[in-house]
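> Sequence below, structure please.
(chains A, B, C and D)
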Number of protein chains: 2
Amino acid sequence: MHIESLISYFENHLPLTEEEIQAVRKSFSARKVKRGRLILQEGDVCRLNTFVVEGCFRMYMLDFDGKEHNLQFAIENWWIGDIASFHSGEPSRFFIEAMEPSTVLQIKKADQLRLFVDYPKFNRIFRVFTENELVSYQRRVIQNISSTAEERYTDFINRYPDFVNRISNVQIASFLGMTPEYLSTIRKKLPSS
Amino acid sequence: MHIESLISYFENHLPLTEEEIQAVRKSFSARKVKRGRLILQEGDVCRLNTFVVEGCFRMYMLDFDGKEHNLQFAIENWWIGDIASFHSGEPSRFFIEAMEPSTVLQIKKADQLRLFVDYPKFNRIFRVFTENELVSYQRRVIQNISSTAEERYTDFINRYPDFVNRISNVQIASFLGMTPEYLSTIRKKLPSS
DNA sequence: CGTCTATTTGAATGTACTCAAAAGCGGTGG
DNA sequence: CCACCGCTTTTGAGTACATTCAAATAGACG
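Prediction:
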C-alpha cells in the first residue's frame, strides 16, 4: 500500500512506535491525480498537506500579466502545499498542478494538529522538515540575488538531476526566473548539451 | 531585564506557565554587541540561536568576487542565525554583523533541544516561527523571479518601513539583489522621494 | 573645517527579455 | 508509412533592464 512509503519515509528520520504507525495510517488518505489536474487553486484555502508517493507536481502563481511562476516542484517523497494558507486558513495565491499521473497521501490540518498533540515526535519531525525547507529557500534567495541565469541553471541541473528528464524546460525556466528562450540560449552554450 | 522582552514575545504567541518562564530564564543569556562586530563568521559553526532585544543585524555571504549579499536583516523581536549550520553542526557560509550597538539573548543548541523535550510547547512555538519564516522566504523567491528591481524596492519599503530609516541603501540594495547605483536611480524616479 | 562614508550622476556595456517565426518531436489517424 | 497536429525548443533581431566604472555631490561626525 502507498502508506508504507510514507511510513518508511518517516522512519528514515526517526523510528516510529507501532502506535505512531497506526496513527499515521489513520490520518492520511491516498488519492490519485491525473496529469494536468489541480489539487489547489488560487483563492481556495489549502486544507491538505500533501506527500507525493508517485508522480510530479508544480506549485505556481500568476502575476498581474497572467504569467506563471513556479515556486516549487515535488516528486516522490516530497511534500507540497501552501504552508501560509494551510496554517492561516486564508485563501491561497497558488495553484498546484500534477505534471504526471500521480499518487499522493494527504492529511487535513486538524488531523495533523492532533498528530502533533498526541505524538510529540511528529511535532519534531515536521519542525525538522520545515527547517530543511527553509534552508533550501534561503539558498535559492542567495542564488537569485547573487548569480546569473546561467549559474542558476547549472546549479539546478547539478542539484536536481532527477528533475531534468521529467520536467520541461519551460517549467524549469519559470522556476529559475528566466524566459524559456533565454534558457535555450544558455543550454546551447553549455558543454554537456 | 532584557529577558522580559523575550518572555513577552513568547507570550504573544502562547501563554507560558511559571515553570516554562523559569526555563526560558535559565536557557538564554544576554550579551551586548558593538556596532560593526560579527557574532558569526564564515567557517565557524553557528552554535547559538539569537533573539534581538535591541539593535540591528544583517546576515550576509561573500561570493567568489568578494561581494557581500545580505540574506536577512533582524531588528528588535526578530531571530537571527544560520539555521543550516545550527542544526547540522557544519561550518556556516554566513557572517552576522551588528549594524547598530545591540543587545541580544542567545541560546545554545543543547539548551534549545532540552527546552523542546522538557516543554513541548516550545517545540510548537518554534515550529510556527520556522513556518512563518519559510513563508517569508517563499514570498521573496516569488518576488525575485517575477518582479523588476523597482517593484522589489517599493514592496520592501511598504513591507518594512521600520528598516528604511535604519539601514543604508547600500545594505538594502544588497538585500534586494541590485547595485546601490541602480537603487539610487530607482529612488529618483519614485514619487515619495 | 576636514575627513570619511553614503549617495548620486552619467556613459558605456552586458545580461536578459520580447516578439515573431522556424524547427524538432512525439502521437494519432488516414 | 506518411501526413498532420499540438507542443516544446530553438533562432534571431531589436529592445529594455540593470551593471560597471569613474567621478561628483551630499551628509555625518569629530
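> in chain A, which spans are strands?
A:29-33, A:38-40, A:48-54, A:57-62, A:68-74, A:79-80, A:95-98, A:102-108 (DSSP state E).
> Give the partner strands of the second one in its sheet and their orientations.
Each strand paired with strand A:38-40, and its direction, by DSSP bridges: strand A:95-98 (antiparallel).
> all helices of chain A, in order?
Secondary structure of chain A by DSSP state H: the helices cover A:3-13, A:18-27, A:83-88, A:109-118, A:120-146, A:149-159, A:161-164, A:169-176, A:180-189.
> can you list the ones you listed in a markdown table and add mean pLDDT, distance to DNA strand C and mean neighbour count?
Yep, even glycine has a C-beta here, placed from its N, CA and C like the rest. Converted to a markdown table, the helices of chain A look like this (pLDDT from 0 to 100; distance: least, Cβ to the nearest atom of the strand, whole Å; neighbours: other Cβ atoms under 10 Å in any protein chain shown):
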| stretch | mean pLDDT | distance to DNA strand C | mean neighbour count |
| --- | --- | --- | --- |
| helix A:3-13 | 96 | 27 | 15 |
| helix A:18-27 | 97 | 37 | 15 |
| helix A:83-88 | 96 | 25 | 19 |
| helix A:109-118 | 96 | 36 | 16 |
| helix A:120-146 | 95 | 10 | 19 |
| helix A:149-159 | 97 | 4 | 15 |
| helix A:161-164 | 93 | 15 | 12 |
| helix A:169-176 | 98 | 8 | 20 |
| helix A:180-189 | 96 | 3 | 13 |
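> Include distance to chain B when you put those into TSV, please.
Listed next are those as TSV, based on distance: least, Cβ to the nearest Cβ, whole Å:
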stretch	distance to chain B
helix A:3-13	13
helix A:18-27	15
helix A:83-88	4
helix A:109-118	7
helix A:120-146	3
helix A:149-159	10
helix A:161-164	16
helix A:169-176	7
helix A:180-189	13
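> For B:E97, which of these is the nearest?
Closest approach to B:E97 among the helices of chain A (Cβ to Cβ): helix A:120-146, 16.4 Å.
> Just send the helices of chain A back as CSV, with distance to B:K34 too.
Shown next, in CSV, are these (distance: least, Cβ to Cβ, whole Å):
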stretch, distance to B:K34
helix A:3-13, 41
helix A:18-27, 49
helix A:83-88, 37
helix A:109-118, 41
helix A:120-146, 27
helix A:149-159, 36
helix A:161-164, 46
helix A:169-176, 40
helix A:180-189, 45
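> who wins for proximity to B:P120 among those?
The nearest among the helices of chain A, by Cβ to Cβ, is helix A:120-146 at 5.0 Å.
> does any part of the closest one sit near DNA strand D?
No - residues of helix A:120-146 contacting DNA strand D under Cβ under 7 Å from any atom of the strand: none, with a closest distance of 8.4 Å.
> Next, the angle helix B:149-159 makes with that helix.
130 degrees (axes from the mean of the first three to the mean of the last three Cα atoms, to 10 degrees).
> one step back: so which of the strands of chain A is nearest DNA strand C?
strand A:68-74 (10.8 Å; Cβ to the nearest atom of the strand).
> Parallel or antiparallel, list what pairs with that closest one.
strand A:57-62 (antiparallel).
> Grab the CA positions of the strand it pairs with and hand them over as CSV.
The C-alpha atoms that make up strand A:57-62 are tabulated as CSV, following Å, rounded to 0.1, in the frame of the first residue of the first chain:
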residue,chain,number,x,y,z
PHE,A,57,3.8,18.4,-9.2
ARG,A,58,4.5,22.1,-9.5
MET,A,59,3.2,24.9,-7.3
TYR,A,60,2.9,28.2,-9.2
MET,A,61,1.4,31.7,-9.0
LEU,A,62,0.0,34.0,-11.7
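> check whether that strand contacts DNA strand D.
No - using Cβ under 7 Å from any atom of the strand, strand A:57-62 stays clear of DNA strand D, with a minimum separation of 11.8 Å.
> For that strand, which residues meet the burial criterion?
Buried residues in strand A:57-62, defined by neighbour count with 16 or more other Cβ atoms under 10 Å in any protein chain shown: A:F57, A:R58, A:M59, A:Y60, A:M61.
> State the distance from the first one to B:G36.
Between A:F57 and B:G36 the distance, using Cβ to Cβ, to the nearest Å, works out to 46 Å.
> now the buried residues of strand A:57-62 as CSV including pLDDT and distance to A:L71?
Shown next, in CSV, are these (pLDDT from 0 to 100; distance: Cβ to Cβ, whole Å):
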residue, pLDDT, distance to A:L71
A:F57, 97, 11
A:R58, 97, 8
A:M59, 98, 5
A:Y60, 97, 6
A:M61, 97, 7
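> Tell me the one of those residues nearest B:W79?
Nearest member of the buried residues of strand A:57-62 to B:W79, counting by Cβ to Cβ, is A:M59, at 26.1 Å.
> I am finished for the moment; much appreciated.
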